[in-house]
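Asks: Provided below for reference: sequence and predicted model.
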There are 2 protein chains.
Amino acid sequence: MGLVVQKYGGSSVADAEGIKRVAKRIVDAKKNGHQVVVVVSAMGDTTDELIDLAEQVSPIPAGREFDMLLTAGERISMALLAMAIKNLGHEAQSFTGSQAGVITDSVHNKARIIDVTPGRIRTALDEGNIAIVAGFQGVSQDKKDITTLGRGGSDTTAVALAAALDAEVCEIYTDVDGVFTADPRVVKKAKKIDWISFEDMLELAASGSKVLLHRCVEYARRYNIPIHVRSSFSGLQGTWVSNEPHSDEKGPKVEQAIISGVAHDTSEAKITVVGVPDKPGEAAAIFRAVADAEINIDMIVQNVSAASTGLTDISFTLPKAEGRKAIDELEKAKAAIGFDSLRYDDQIGKISLVGAGMKTNPGVTADFFKALSDAGVNIELISTSEIRISVVTRADDVNEAVRAVHTAFGLDSDSDEAVVYGGTGR
Amino acid sequence: MGLVVQKYGGSSVADAEGIKRVAKRIVDAKKNGHQVVVVVSAMGDTTDELIDLAEQVSPIPAGREFDMLLTAGERISMALLAMAIKNLGHEAQSFTGSQAGVITDSVHNKARIIDVTPGRIRTALDEGNIAIVAGFQGVSQDKKDITTLGRGGSDTTAVALAAALDAEVCEIYTDVDGVFTADPRVVKKAKKIDWISFEDMLELAASGSKVLLHRCVEYARRYNIPIHVRSSFSGLQGTWVSNEPHSDEKGPKVEQAIISGVAHDTSEAKITVVGVPDKPGEAAAIFRAVADAEINIDMIVQNVSAASTGLTDISFTLPKAEGRKAIDELEKAKAAIGFDSLRYDDQIGKISLVGAGMKTNPGVTADFFKALSDAGVNIELISTSEIRISVVTRADDVNEAVRAVHTAFGLDSDSDEAVVYGGTGR
């Protein structure tokens, strides 16, 4: 039995009862002979409450102080969790991100981990302790200031610690049973995925699946740390994410499916740059303007140029939250770039089909479009990778499109099985 | 203009409005040309809420984890305060006890400061920042664990930082106007003291005055740091505590009064050990038993032995909270010590008259007893030091006794002045 890292999200430790339930589960792992490192998020709505307080004292809270403030949240949950474990007769010690050796850059509010030096965690484990580590936080290498890792940061903390400690597995406990073939709130017959490759999981995360964030999966793939996403409310096996199909003692070896799942995303908007001169360097100028504002764009499509005018349109998608900024940047650069006008559309949705199997199954793309067509869904943009097809449709069509595709690819479960699904667990 | 350390208690930063009000006051000090270091407690009831959470998960929370938990409180208030100051256009950085260099021993929940190495604070000040430091917390020298300083710890943090930074003054902001000649809740005509010596303040604190704790005053005296206790709700001058009468530019030099004030304390109980053989070593055996249980005793009185029996009674006072433990320890040692029985009385109160002037005014003691006698108050125990007389009475008599003594020593104010008084501010 080796070392396991377990991560519990805020919904799992929302109150004293939740903390005691989680403590019992942790102690069970310890009793089974594992060395156990636990990464914990702030309790329930603590982080939102702290953000609310910050907004009351300052409209634009400074990054350094904002991080200092938010990290109080995990400090509370981790100390309580350690107490609850000790109350069950087992030794536990809690550690801040800094104490756990989570070293980051100095970009407050969204720092990146640059090293993990878990010397104190090792010592605590060797002395028979369960180590409880604050998720989401670290300490900057140069200034020794407290930093936070941004959205989904606790998952990243867990995977990074698992890598640094050479853990057998990183268990991500949440309020859902695992990763599903589609969002169960949209597709009632969605199935829990038993195993999925890092690559497919990365594509699902990039396409709107919220259970694991892209950054965390990327980290796990780089260090080859298997992730087990499972519910903290049940004892069920969840979803394994790893390089190789996972062979669990409790079940048969899982085969890789042709299609892993259908993801959707309605958090993006579309900007169309109308009347762009069709000559080299125009697209580069447009995306340079957007990139300089640190805006991440997703899909890009350039229409065929109209021969009569020599002008073309370029469309791209981006997070709605960054729409205003992108429009401003492009307007500023309008004269230099030389386009006619901008169109902004935030009533779009994206549906993505993900599966490594589509590389060797040429019919997948055709079947995908046929399913959408049969469902009467109009396609506005298309983008593909080796193992993913994504289309943009009207936002109103998204749910219907997801269901149609899910059924067409045989992903529907046979029974209307009971699905445990609450939220994102983060 | 030199460096000032300001300390704000939890009631001063109880909500966003309080934090903004305090931020303005801090900025005013900075504008007046001071370098400013601010020590802040947790907001309002935060600490009590955290203790409540701890009790929900574990009946006996472990010291290390309890300290980790509680220190989240100051983390929140200090980060918000730094944000509020930055919002007023001034630079501020917050620091945990550990970052501020508050090094303690490893006694969790009541650690003692053993060194202060405020290198980061100095740097922050030299760069033009206002430094905000978490009160009440430190880091242990040997294990690098987070510790807390126990009750009144934030005041001690402030004085310790003031000493390490060679500050001009340590300003303790609270919700009262200063130190009064008696508790204004009991004596309506109590007066604010403009200046009081460290020695008298130490005696008042030891005798039940709650505004400053003994430990904090002791620290200030050792390093000769003047303390200015004042209200965070007004701009009034408060009470200066220092070696020499303070000469403020705003007023005349203050003379030391014969009597500084009257303190009272109803938090103690009295234990009487009845029928102790009157021979050498008996008292030592009794107090050894109590001391071994780490119980602090206050007054001790031994009656004259009755010649006929060769037995005597020994009475002592101690905090009510430790009464049960003391009784248990003495019962265990009963056979070895050889006394008849124990009597426990928690309906007592203590009244103390404090003033360095009594050293050279021999009539003070007589006047004190006469005042009590005129008020019909019966005295049960007496204890004196060079600059203090304390008596134990029935708890019900305490308020009347305090008022009588206050009037007898001419401490009453001439007018029924408006007194700002809320609570202990801690």
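Replies: Now that the structure is in, tell me what you want to look at. Numbering: from 1, shown residues only, chains lettered A, B, ... in the order given.
Asks: Surely residue A:35 touches residue A:128?
Replies: No: here residue A:35 lies out of contact with residue A:128, judged by CB atoms under 8 Å, at a distance of 9.2 Å. From N, CA and C alone the C-beta is placed, and that goes for glycine too.
Asks: Got the phi and psi for residue A:123?
Replies: Here is the backbone geometry of residue A:123 (degrees, to the nearest 10): phi -60, psi -50.
Asks: and it, how many neighbours?
Replies: Using other CB atoms under 10 Å in any protein chain shown, residue A:123 is surrounded by 12 other residues.
Asks: Could you do residue A:116 as well?
Replies: 20.
Asks: where does it land on pLDDT?
Replies: Note on residue A:116: pLDDT of 96.
Asks: Any idea what it is bridged to?
Replies: Beta-bridge pairing for residue A:116 (DSSP bridges): residue A:102.
Asks: how close does it sit to residue A:100?
Replies: The spacing between residue A:116 and residue A:100, counted by CB to CB, to the nearest Å, is 8 Å.
Asks: who touches both of those two?
Replies: residue A:161 (CB atoms under 8 Å, 6 or more residues apart in numbering or on different chains).
Asks: Secondary structure element holding residue A:204?
Replies: Residue A:204 belongs to helix A:198-206 when assigned by DSSP states H and E.
Asks: In PDB, could you pull the C-alpha coordinates for that helix?
Replies: The C-alpha coordinates for helix A:198-206 follow below in PDB (Å, rounded to 0.1, in the frame of the first residue of the first chain):
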ATOM      1  CA  PHE A 198      -5.500  12.100 -20.100                       C
ATOM      2  CA  GLU A 199      -5.800  13.200 -23.800                       C
ATOM      3  CA  ASP A 200      -9.600  12.800 -24.000                       C
ATOM      4  CA  MET A 201     -10.000  14.300 -20.500                       C
ATOM      5  CA  LEU A 202      -8.000  17.300 -21.600                       C
ATOM      6  CA  GLU A 203     -10.200  17.800 -24.600                       C
ATOM      7  CA  LEU A 204     -13.400  17.400 -22.500                       C
ATOM      8  CA  ALA A 205     -12.100  19.900 -20.000                       C
ATOM      9  CA  ALA A 206     -11.200  22.400 -22.800                       C
END
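Asks: Which strands or helices does that helix pack on?
Replies: helix A:214-223, strand A:239-242, strand A:261-265, strand A:348-354 (3 or more CB pairs under 8 Å, 6 or more residues apart in numbering or on different chains; DSSP states H and E).
Asks: switch the cut-off to 7 Å
Replies: With contacts taken as 3 or more CB pairs under 7 Å, 6 or more residues apart in numbering or on different chains; DSSP states H and E, helix A:198-206 sits against helix A:214-223, strand A:239-242, strand A:348-354.
Asks: for the longest one, the distance to its chain's centre please.
Replies: When distances are taken as CA atoms, centre = their mean, to the nearest Å, helix A:214-223 is centred 10 Å away from the chain's centroid.
Asks: so after it, what's the next helix or strand?
Replies: Helix A:214-223 is succeeded, C-terminally, by strand A:227-231 (DSSP H and E).
Asks: any weak-confidence spans in the stretch 201-350 of chain A?
Replies: Along the stretch 201-350 of chain A, segments meeting pLDDT under 70 span A:246-256, A:305-307.
Asks: What ranges does it have for its helices?
Replies: A:214-223, A:282-292, A:323-332, A:334-337 (DSSP state H, counting those that start in this stretch).
Asks: Going by neighbour count, list what's buried in the shortest one.
Replies: The reference is to helix A:334-337. Going by neighbour count (16 or more other CB atoms under 10 Å in any protein chain shown), the buried part of helix A:334-337 is residue A:337.
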